[in-house]
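> A structural model of the following input is requested.
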Amino acid sequence: MHIRTCILFAVLTTSIHGTRAAEADDWPHWMGPGHRNVWAESGILERFPAGGPKVLWRTPIAGGYSGPAVAHGKVYIMDYVTSDDVEVANFERKNFAGGSERVLCLDESSGEILWKHEYPVSYSISYPTGPRCTPTVDDDHVYTLGAEGNLICFVGNTGEVKWSKNLPVSYDTKTALWGYAAHPLVDGNRLITLAGGAGTHTVALDKETGEEVWRSGTASEQGYSPPAIIEYAGVRQLILLSPDHVRSVNPETGVEYWSVPYEASSGSIIMSPVLCGEYLYVAGFSHRSLLLKLTPEKPGATEVWRDKRKEAISPVNVQPFFEDGVLYGLDQSGELAAVAIPSGERLWQTPQPLSERRRDSGTAFIVKQADRFWMFTEQGELVIAEMDKDEFRELERTKVIEPDNVALGRNVVWSMPAFANRHAYIRNNSEIICVDLAD
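Numbers count the residues shown, from 1 in each chain. I've put the predicted structure just below:
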């Protein structure tokens, strides 16, 4: 199991968590508008020009898995500045002398740094390259969560800190092995985040003040799964996935609707739950998959199957995408697969779009645009493809950035891009770039 840009995951209903319809062309948080991994813009190129698409600007940054957020003409990104050697083996913790996490606000048109906020952090996590979570933009506020649990609310235009909270200190817990990696979720006047600790696996904070609104659940560890909101059985349900269970709670109060046991291998549960029609899919490392059927009359769920070793998929770095009865995603083996829901049968699998042979924890982030899919691979490539229940068809491929992180003995870039304003905003451990994808 490996860290991801936080990587990773849910196809949700179209309820907008504090994001205005006017921001449809922005990418204000992880997975874009509606948390759906759908790029709704038109006027996007069909083929890459000779020599690849134009890079409009490049801005130097430091290390991190955090993806960019794009809103209101600005790009927000996090990184970690340190002189330490951060190449640490998986499952290994190491205490470092220290460094600084930074939140950077860039001008969307030029890449110029408009403001930055920097604070000292000593990492004690595996894969200590930098922050995992994508900033969350909500109206004129920006929320960031660092790898060691530093949660901050900024005024987006100025970088003024409105409030901050250190989650391990506030909730008497410790950082998980791969750090805080579950992207916080804005819902109404609440900011919902995984905290950890007894009775505080998940907490909701007043997004204006940072004061606690409710707390819910206890788990053996935080896990890394971002919370997701669905609407089913006539109510809004906040779905929380931990190394011990799948839970549904009232997003306004934290009161539990239902819970189903789930055992994650080594605490490694990363994807956000995926709503697949009347079913809910979750899975983690070592083939720990679970399909639940939701109860239509009132909030509830029953188990359909679990732990299908040669079927289903075990997502690691990449959030799966569900469409027309088929779940598309990368298994921990690095193979891209199509899985029928509810049977769990693999309809096809391929080592593409990564290579001719599968790669352990191979990563290619998936976004739907019009009738095709855009993928960003760990080799720093943009791929345009078609997928359906029958096959994967690659249409176009171009390299746009160097993979300059090291994982599993190979060079990778494990950070999900943002797609907005007919551009892609892509980072590695040394720069963030803006790629022109307009037709």
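
> Could you pull up the mean pLDDT of stretch 214-228?
Mean pLDDT, stretch 214-228: 95.

> Counting neighbours, which bits of that stretch end up buried?
Using 16 or more other CB atoms under 10 Å as the test for burial, stretch 214-228 gives 214-217, 219, 221-228. Every residue, glycine included, has its C-beta placed from N, CA and C.

> send the alpha carbons of that stretch over as CSV?
The C-alpha coordinates for stretch 214-228 follow below in CSV (Å, rounded to 0.1, in the frame of the first residue of the first chain):
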residue,chain,number,x,y,z
TRP,A,214,-20.2,17.3,16.1
ARG,A,215,-17.9,14.3,16.5
SER,A,216,-18.6,10.7,15.4
GLY,A,217,-17.1,7.2,15.6
THR,A,218,-14.1,5.4,16.8
ALA,A,219,-11.7,3.5,14.6
SER,A,220,-8.3,1.7,15.1
GLU,A,221,-6.8,4.4,12.8
GLN,A,222,-8.0,7.3,10.7
GLY,A,223,-7.5,5.6,7.4
TYR,A,224,-7.2,7.7,4.3
SER,A,225,-10.7,7.6,2.8
PRO,A,226,-12.3,11.0,2.0
PRO,A,227,-15.8,11.4,3.3
ALA,A,228,-18.6,11.3,0.7
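
> Residue numbering should commence at 211 henceforth.
Taking 211 as the first residue, the last one we looked at is stretch 424-438.

> Centre of the chain to it, how far?
Here stretch 424-438 is found 15 Å from its chain centre; the criterion is CA atoms, centre = their mean, to the nearest Å.

> any low-confidence regions in the stretch 411-560 of the chain?
Applying pLDDT under 70 to the stretch 411-560 of the chain picks out residues 476-477.

> about what we covered before: pull the most distant pair out of the buried residues of stretch 424-438.
Based on CB to CB, the longest span within these runs between Trp424 and Tyr434 and measures 21.6 Å.

> Could you report the distance from Gln562 to Ala392?
From Gln562 across to Ala392, the span is 29 Å (CB to CB, to the nearest Å).

> Could you list every helix and strand that the helix or strand harbouring Ile576 packs against?
Following DSSP states H and E, one finds Ile576 within strand 574-579. For strand 574-579, the packing partners by 3 or more CB pairs under 8 Å, 6 or more residues apart in numbering; DSSP states H and E come out as strand 531-533, strand 536-540, strand 582-587.

> quick one: the helices in the stretch 311-460 of the chain?
Taking DSSP state H, counting those that start in this stretch, the helices of the stretch 311-460 of the chain run over residues 377-380.

> So Ala640 sits against Arg268, correct?
Ala isn't right for residue 640; it's Ser. No. The pair Ser640 and Arg268 does not pass the contact test of CB atoms under 8 Å, sitting 9.6 Å apart.

> hmm, back to that, the inter-axis angle of the strand holding Ile576 versus strand 582-587?
Using axes from the mean of the first three to the mean of the last three CA atoms, to 10 degrees, the inter-axis angle of strand 574-579 relative to strand 582-587 is 160 degrees.

> mind checking how far strand 574-579 is from the chain centre?
Using CA atoms, centre = their mean, the offset of strand 574-579 from its chain centre is 12 Å.

> what comes into contact with it?
Residues from elsewhere that reach strand 574-579 (CB atoms under 8 Å, 6 or more residues apart in numbering): 242, 247-251, 254, 528-531, 533, 538-540, 546, 563-564, 583-588, 593, 626-627, 629.

> repeat that for 7 Å
Residues from elsewhere that reach strand 574-579 (CB atoms under 7 Å, 6 or more residues apart in numbering): 247-249, 254, 528, 531, 538, 540, 563-564, 583-588, 593, 626-627, 629.

> same check, this time on stretch 428-442
Residues outside stretch 428-442 that contact it (CB under 7 Å, 6+ apart) are 219-220, 222-223, 225, 227, 240, 386, 388, 391-393, 395, 397, 402, 404, 406, 408-409, 411-412, 446-454, 461, 474, 477, 479-483, 485, 504.

> So which of these sit within strands?
Assigned to strands by DSSP state E, the following of the contacts of stretch 428-442 qualify: 395, 397, 402, 404, 412, 446-451, 485, 504.

> TSV for these, including distance to Pro338?
Formatted as TSV, those follow (distance: CB to CB, whole Å):
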residue	distance to Pro338
Leu395	25
Asp397	31
Ile402	26
Leu404	19
Thr412	25
Arg446	37
Gln447	35
Leu448	30
Ile449	30
Leu450	26
Leu451	24
Leu485	34
Leu504	39
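
> would you turn those residues into JSON lines with neighbour count and distance to Asp600?
Below are the ones in strands among the contacts of stretch 428-442 laid out as JSON lines (neighbours: other CB atoms under 10 Å; distance: CB to CB, whole Å):
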{"residue": "Leu395", "neighbour count": "27", "distance to Asp600": "35"}
{"residue": "Asp397", "neighbour count": "19", "distance to Asp600": "38"}
{"residue": "Ile402", "neighbour count": "28", "distance to Asp600": "39"}
{"residue": "Leu404", "neighbour count": "30", "distance to Asp600": "38"}
{"residue": "Thr412", "neighbour count": "25", "distance to Asp600": "40"}
{"residue": "Arg446", "neighbour count": "16", "distance to Asp600": "36"}
{"residue": "Gln447", "neighbour count": "23", "distance to Asp600": "33"}
{"residue": "Leu448", "neighbour count": "25", "distance to Asp600": "36"}
{"residue": "Ile449", "neighbour count": "27", "distance to Asp600": "31"}
{"residue": "Leu450", "neighbour count": "28", "distance to Asp600": "35"}
{"residue": "Leu451", "neighbour count": "31", "distance to Asp600": "31"}
{"residue": "Leu485", "neighbour count": "21", "distance to Asp600": "24"}
{"residue": "Leu504", "neighbour count": "21", "distance to Asp600": "28"}
